[in-house]
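Q: I need the structure of the sequence given here:
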Amino acid sequence: MYSRESRSLLICLLLSVGAADAQDLVITNPRVVIGNGAVVPNGAVVVRDGKIVSAGPAAPAGAPGQRIDARGMTVMPGFIDAHRHIINGNDQQWFKDQGPENGAPAIPPENSSRLA
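A: Model (predicted):
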């Protein structure tokens, strides 16, 4: 079985598929982090012809495409940052715990995003 991180990465990759590989896809039941910072705990993402057409609390009735049940996972539609550290919780404590004094490489705050 794939790890939670691997499944989340797979979903992110599926959402970033280009027009050459255009497809219809409906991702149901994930935690959806919208671009404005809003979090939908049990939402849906709909992709038509390789483009995200909706992300929110529920997929439109009868939305076409392959359906993926992403219960227990998080999706961030449109999130295409090549390298970002997602921090959940107290960001100052996270930086302290992940600092070079603990053997970790220094991660500047500008390369991190706090997950609300």
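Q: my guess is residue 33 contacts residue 39, does it?
A: Yes - taking C-beta atoms under 8 Å as the definition, residue 33 is a contact partner of residue 39 at 5.5 Å. Every C-beta, even on glycine, is put in place using the N, C-alpha and C of the backbone.
Q: residues contacting residue 71?
A: 28-30 (C-beta atoms under 8 Å, 6 or more residues apart in numbering).
Q: name the member of the residues you listed with the most neighbours.
A: Neighbour counts for those (other C-beta atoms under 10 Å) peak at residue 30, which has 26 neighbours.
Q: who has more neighbours out of residue 33 and residue 39?
A: More crowded of residue 33 and residue 39, by other C-beta under 10 Å: residue 33, with 21 against 12.
Q: and the gap between that one and residue 23?
A: 22 Å (C-beta to C-beta, to the nearest Å).
Q: okay, domains of the protein per the record?
A: Per automatic domain parsing, the structural domains of the chain span 1-80, 84-116.
Q: lowest average confidence across the ones you listed, which one?
A: Across the domains of the chain, the stretch with the lowest average pLDDT is domain 84-116; it has a mean of 65.
Q: all helices for the chain, in order.
A: Assigned by DSSP state H, the helices in the chain fall at 4-15, 91-97.
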